[in-house]
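**Q** model this:
(chains A and B)
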Amino acid sequence: MDNSHKQNIVPWKPSAPSIITDSTTSIPTIANAALQLRERERKQVIANFQAGHYDVVTTFVWQRTIALLKKQLAKLGNEFISELLQRPDIDNNSDISSSISEGEALSLARDLGMLTPTQALRLSHSQEIVNHFASIEGDDALAADETMTPEEAISCLRVCTQGVLGQETISVAEDFAAFRRNLESQTFTIKSPEIVRLQQSPYFFIRTAISVLLTVLKSGKGAQMEHASRNALLIIPMFWDLLKKPERWQIGQAYAVEFNEGNKESVKALHAVLLAVKGFDYVPENLRSNTFTRVASAVIAAHQGMNNFYNEPGPMKELANLGSSIPGPALANCITASLCVRLGNHYGISWDAQNAANQVLNSLSTDRWIYYLDDRLEYDEIILYKLAGGGTPLKNWINLVSGLNIDHKQLKSKSARQIVIGTNAKDDSKVSQVASQCIKKISNT
Amino acid sequence: MPNPKTITFRSQITGNIADLIQDEGLVCQHTVDFLCALAGNLLQYRDEGIEFSPATLYSTHIDDVLNSFPGSVKYAIGEVEVIPNTVKKILKDCAPLAKENWCIYIERTEEPRLRYGIFYYNTLPTTLPLKDAIMVCTNVLCILVAKTSPSTIELTGSKGNALSMVFSTTREDRVIIDNSINDFAKDCCSGINKQEDSLVFNKYFSHLLNRVLTESHGTILICCSMARLQEIVELQDGVPLEPRLDFFSAFLAYRNSNSAESLMKLKSCEELLSGLLMCDGTIVFDTSGSVTAYRVFYRPNTPNTGTKQVADGGARRRAFEGIKDLLGDGFESTLFRSQDGLTMHARKVDNG
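**A** Numbers count the residues shown, from 1 in each chain, chains lettered A, B, ... in the order given. Alright, predicted model coming up:
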């Protein structure tokens, strides 16, 4: 497939327009537009704002927002969420509201067209602010004037209302829902509009499409399965050369899981796909990676949640104790999780978790670092935001990665190469700039 | 002086194997002769007095087949000509090794010659059984040769063609392979609340019963509630299992914790079931996937007055016919498996 003529077509995007403009600063206007809050709650929000209780009101608004978003995501089905997040630990008995982190909920909502990329970005910023002030409450060491500013609070309320609380219904983009339906109700051809659009869209749409396809293959029956099988045989080989290794592992992992679950029809369909792309190298020998993925997700959730400095050591030590032979399908997630702990956030690092994080990161061979840098970094939003934001995380990144002496010529990914060049030269601004470009590319919708 | 006449099954078997491998996409008289000899040798293969019944995979592209089985490992052992006489050497070299999850592979090369050895793949309780797993590999010739009862050798191709060779004088129409075992397994799971795990359990339980019955010398299984069993005077001679052998709980524990301990517990239940099937008498299951009693003997309450037709066959078959009459009201179904592999399932008539 020739990628030089890509037009960055967006196959699906949020259909509901924002009811509050970005320039709105009036608290009553914003609060009254929050349809998902009760009348009494809206009045309390306004009253608390007027009383200057910014951290109280933003924490309340944030929690309502994220709870609502997770509730909507749960409606998509646990199997679907599990595949999209590549979290095999999520099954039909899992409670989505507690199983997925806030960061995962936001990135999923953006991928499915429930939020615009800008809203997702702003919500991520709000999350960091809210979690920071919530977790330092009662900390005597903090300067008395270090409190949430009205601007920060207004920004949080506005984006929560724009993205979630102000929407009558929050659902996946209509185009996406139709795409998902069509995957199991009709057989696409190379000329089908869905396929043509997908060929010209940014990578993360392809990644999402593959995840959706795998979910349908796992859960489909009868005619649904036949359509999905034929569509998989068209779509996956078409994009195989473009697919990064984590996505290839995802397909191989799906085959191994279905084989071990004894689902003959799904196995047949995935076998045909893997045969077509000669992809059996990506079928893991066992399902040990599920354990690694589950613990890595727990580390990331702890890192992104409240009181992260206290909550990171537990899962991070568990990850380190699983051993240094991290299975291929879980490798990218484990590196991301360990980097989260090692790089920390703007407010510092969790000291108690550092030994375990270093244990995992120090055990990685150069090949494995190159695998991460080449195949994951340019789409690893969690780490990219840290690099783009500068400060402590970027400083820690440069200290860590420059010490690995990675030769940038070994890297195929242009962005990763630029980041490594900047890192080896200890050039903060270059690393930050390239990371920002990567984020922009992901969100280029 | 009249010539003595000797008959063998060879011509019949050869013709049917030739048809099977042709339907699977290979025309090769050497292979036909070889598989014919293999089937004959597998029927009662013994080494140093010990009987072995290894599952054997015959393929033209064994690496492609094994690539499709996650976690597969193979050990090459030797290479021989494609002639019937080499079957003995292959079995001598491999059969003692091909136990539990290990199987024999035989690869026919272009020349043609046969490379052989043993292989293994990860087999968790819910993993596709070998017979189903080869059907995924429709792109290459792959035939599974396995002994499915003391007198039956079954050949199954990756394209779905199957040939069951029963080395007995039983009428062919009585050994039709049907869904009897799966239907019985479904009865044994009928009391479990419908949830996702119960469907997976049902599939697991069917595979388990198929496997253990293949290893058994024939038996009768009963699906009946414990309360009802205690009321049936004809089935009072038995040994209740206290506590019951609860497969569903063991399976759920394995699914939820995925730990080595839970897997071992489930395996130990399977081993015990295999042992119970080796005992005389019937095995009683309830509708929640548990074994509740074994060595249960059928004692007719009333002698046959001669008005009722006596079934053909041995004591087990006659017991099955008697047990069938007890079906109904808590006594869900019964399954008969003869030494020849004849399998019959009888279920209570639902009047509702």
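**Q** make it CA atoms for all contacts and neighbour counts henceforth
**A** Noted.
**Q** I'd guessed A:Glu247 sits against A:Arg207; true?
**A** Yes - counting by C-alpha atoms under 8 Å, A:Glu247 touches A:Arg207, with 7.1 Å between them.
**Q** Look at those two and report which has more neighbours.
**A** Of the pair A:Glu247 and A:Arg207, A:Glu247 is the one with more neighbours under other C-alpha atoms under 10 Å in any protein chain shown, namely 22 against 18.
**Q** Next one, pLDDT for that one please.
**A** What the model reports for A:Glu247 is a pLDDT of 90.
**Q** Kindly report the same for A:Leu115.
**A** So A:Leu115 comes in at 84 (pLDDT).
**Q** tell me the SS of it?
**A** Secondary structure state of A:Leu115, per DSSP: H, G, I helix; E, B strand; the rest coil, is coil.
**Q** so it sits right up against A:Ala109, yeah?
**A** Yes - between A:Leu115 and A:Ala109 there is a contact at 5.7 Å, judged by C-alpha under 8 Å.
**Q** Give the residue from the two that has the larger number of neighbours.
**A** A:Leu115 (28 against 25).
**Q** Which single residue in the stretch 1-150 of chain A comes nearest to chain B?
**A** Nearest residue of the stretch 1-150 of chain A to chain B (C-alpha to the nearest C-alpha) works out as A:Asn92 at 8.0 Å.
**Q** Just to be sure, that residue is in a helix?
**A** No - judged by three-state DSSP, A:Asn92 forms no part of a helix; its state is coil.
**Q** can you tell me which residues contact it?
**A** A:77-79 (C-alpha atoms under 8 Å, 6 or more residues apart in numbering or on different chains).
**Q** Make a PyMOL selection of the buried ones in the residues you listed.
**A** The buried residues among those can be selected in PyMOL (16 or more other C-alpha atoms under 10 Å in any protein chain shown) with this line:
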select buried, chain A and resi 78+79
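**Q** Mind checking which of the contacts of A:Asn92 are in helices?
**A** A:78-79 (DSSP state H).
**Q** Include distance to A:Ala425 and pLDDT when you put the contacts of A:Asn92 into CSV, please.
**A** As requested, these are exported to CSV (distance: C-alpha to C-alpha, whole Å; pLDDT from 0 to 100):
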residue, distance to A:Ala425, pLDDT
A:Gly77, 46, 81
A:Asn78, 45, 83
A:Glu79, 44, 79
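**Q** My read is that B:Phe34 contacts B:Lys88, right?
**A** No - in this structure, B:Phe34 is not within contact of B:Lys88 by C-alpha under 8 Å, at 10.7 Å.
**Q** Who has more neighbours out of the two?
**A** The neighbour comparison of B:Phe34 against B:Lys88 (other C-alpha under 10 Å) goes to B:Phe34, with 20 against 16.
**Q** Identify the residues contacting that one.
**A** Contacts for B:Phe34 were tallied using C-alpha under 8 Å, 6+ apart; they are B:82-84, B:87.
**Q** any idea how far B:Glu81 is from B:Glu110?
**A** Using C-alpha to C-alpha, to the nearest Å, B:Glu110 is found at 12 Å from B:Glu81.
**Q** which of those two has more neighbours?
**A** Applying other C-alpha under 10 Å to B:Glu110 and B:Glu81 shows that B:Glu81 carries more neighbours, namely 16 against 8.
**Q** Surely the more buried one is in contact with B:Tyr116?
**A** No - using C-alpha under 8 Å, B:Glu81 is not in contact with B:Tyr116, being 10.8 Å away.
**Q** Domain ranges for chain A, per the record?
**A** Domain ranges of chain A: A:27-165, A:174-282, A:289-442, per automatic domain parsing.
**Q** what's the closest of those to B:Asn139?
**A** Distance to B:Asn139, taken as C-alpha to C-alpha, is lowest for domain A:174-282 among the domains of chain A, at 8.8 Å.
**Q** Now the terminal residues of that closest one, how far apart.
**A** 33 Å.
**Q** Is any residue of it near chain B?
**A** Yes - residues of domain A:174-282 are located near chain B by C-alpha under 8 Å from any C-alpha of the partner chain, namely A:256, A:259-264, A:267-268, A:271, A:280.
**Q** Of those residues - the most surrounded one?
**A** When the residues of domain A:174-282 next to chain B are compared by neighbour count (other C-alpha under 10 Å), A:Phe259 ends up highest, at 29 neighbours.
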